[in-house]
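Novice: with the sequence up front, the predicted model follows.
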Amino acid sequence: MAAELSAHHRRLAQQKREAIISAATDLFLNHGYDGTSLARIAEGAAVSKSTLFKQFPTKAALFEAIVTESWQRDATGAVARPQAGDLRSGLTSIGHRYADLIGRPGMTALFRIVIAELPRFPELGRMQFQLGKLPYFTSVQRYLESEHEAGNADVPDTESAANQFLGMIANYVLWPRMLLTDWNPTASDIRYAVEQAVETTLARYASDRPARSEAGIRGAGKNAVTSRKRR
């Protein structure tokens with residue numbers, strides 16, 4: 001009985017935490033970081049102020065939790081990395097997980113909050129980078145290092161390679177959403193963008209410079225995804 005009650009209380013606490021983070025994200029986006037109070041967040045989450053303060057004593061602590069949970073929503077994508085041995089498979093797995101992660105509406109909202117409030121609250125940008133992007137980036141960098149050490153890739157600068165690979169995906173999936181309200185690529189478009197990022201990375205870093213895959217050959221005779229979107 002005691003164990004059941006304890007589990008029940010943990011579930012309730014988690015539900016309240018999720019409600020607080022959801023309400024805070026909406027309020028930050030609509031009213032700005034400075035224009036949102038903890039009291040208003042408690043009201044939006046339908047919890048008492050004492051409950052909110054117990055979990056998040058400051059707005060900074062709450063925003064830190066939002067950043068961390070947003071980037072770790074997919075725990076396998078944020079922490080684990082593929083085993084070395086198949087560079088194409090590993091990059092493809094990372095690429096699709098990354099596209100799924102940054103393509104969520106919540107991630108777009110988070111970036112908009114940070115960009116809007118950055119001049120007055122530069123610490124929000126540091127949180128977004130140090131707690132969110134950096135751990136993910138480091139995981140990809142470590143994966144490339146493992147492939148380099150295994151002889152499957154020739155990557156003398158894994159930091160640059162990771163930045164290039166993730167940047168190709170983010171430049172299609174995430175950044176247009178920041179300016180274009182109607183940017184809504186299909187699942188097929190996103191798969192194609194990831195495939196091309198993988199092909200480009202393989203062409204540059206694979207130790208045996210493998211022949212282009214069927215996906216790459218198909219892409220050569222087809223209009224670029226961005227061109228299709230602009231028409």
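Specialist: Cool, got the structure. These figures come from a predicted structure and were not determined experimentally.

Novice: tell me the pLDDT at residue 65?
Specialist: Per-residue pLDDT puts residue 65 at 88.

Novice: my guess is it contacts residue 18. True?
Specialist: No. If you go by C-beta atoms under 8 Å, residue 65 and residue 18 don't touch, sitting 10.6 Å apart. (C-beta placed from N, C-alpha, C; glycine too.)

Novice: quick one: which of those two has more around it?
Specialist: When residue 65 is set against residue 18 and neighbours are counted by other C-beta atoms under 10 Å, the residue ahead is residue 65, at 18 against 12.

Novice: residue 151: neighbour count?
Specialist: Residue 151: 10 surrounding residues under other C-beta under 10 Å.

Novice: now do the one 4 residues further on
Specialist: With neighbours defined by other C-beta under 10 Å, the count for residue 155 comes to 22.

Novice: from residue 85, how far out is it?
Specialist: Distance of residue 155 to residue 85, given as C-beta to C-beta, to the nearest Å: 15 Å.

Novice: with residue 136 instead?
Specialist: Counting by C-beta to C-beta, the gap from residue 136 to residue 85 is 22 Å.

Novice: what's residue 206 sitting at in phi/psi?
Specialist: When read as degrees, to the nearest 10, the backbone of residue 206 gives phi -60, psi 140.

Novice: surely it and residue 86 touch.
Specialist: No. Under the criterion of C-beta under 8 Å, residue 206 makes no contact with residue 86, lying 10.8 Å away.

Novice: find residues that contact each of these two.
Specialist: Common contacts of residue 206 and residue 86, defined by C-beta atoms under 8 Å, 6 or more residues apart in numbering, comprise residue 152.

Novice: tell me which of the two has more neighbours.
Specialist: Higher neighbour count among residue 206 and residue 86: residue 206, with 17 against 13, using other C-beta under 10 Å.

Novice: quick one: residues contacting the more buried one.
Specialist: Residues in contact with residue 206 (C-beta under 8 Å, 6+ apart) are 87, 88, 152, 153, 154.

Novice: of those residues, keep whichever come out buried.
Specialist: Applying 16 or more other C-beta atoms under 10 Å to the contacts of residue 206, the neighbour count classes 87, 152, 153 as buried.

Novice: buried residues in the helix or strand hosting residue 29?
Specialist: Residue 29 belongs to helix 2-31 when assigned by DSSP states H and E. Of the residues in helix 2-31, 16, 17, 19, 20, 21, 23, 24, 25, 27, 28, 29 count as buried by neighbour count, 16+ other C-beta under 10 Å.

Novice: which helix or strand lies directly C-terminal to it?
Specialist: Using DSSP H and E, the helix or strand that follows helix 2-31 towards the C-terminus is helix 38-45.

Novice: relative to helix 2-31, how tilted is that following helix?
Specialist: If you take axes from the mean of the first three to the mean of the last three C-alpha atoms, to 10 degrees, helix 38-45 sits at 110 degrees to helix 2-31.

Novice: can you tell me which of the buried ones among the contacts of residue 206 are in helices?
Specialist: Using DSSP state H, residue 87 are the members of the buried ones among the contacts of residue 206 that sit in helices.

Novice: got the CA positions of stretch 197-206 in PDB?
Specialist: The C-alpha coordinates for stretch 197-206 follow below in PDB (Å, rounded to 0.1, in the frame of the first residue of the first chain):
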ATOM      1  CA  ALA A 197      23.100  15.600 -45.500                       C
ATOM      2  CA  VAL A 198      24.300  12.000 -45.000                       C
ATOM      3  CA  GLU A 199      25.500  11.700 -48.700                       C
ATOM      4  CA  THR A 200      27.400  15.000 -48.400                       C
ATOM      5  CA  THR A 201      29.100  13.900 -45.200                       C
ATOM      6  CA  LEU A 202      30.000  10.500 -46.600                       C
ATOM      7  CA  ALA A 203      31.400  12.100 -49.700                       C
ATOM      8  CA  ARG A 204      33.700  14.300 -47.600                       C
ATOM      9  CA  TYR A 205      34.600  12.000 -44.700                       C
ATOM     10  CA  ALA A 206      34.000   8.300 -45.400                       C
END
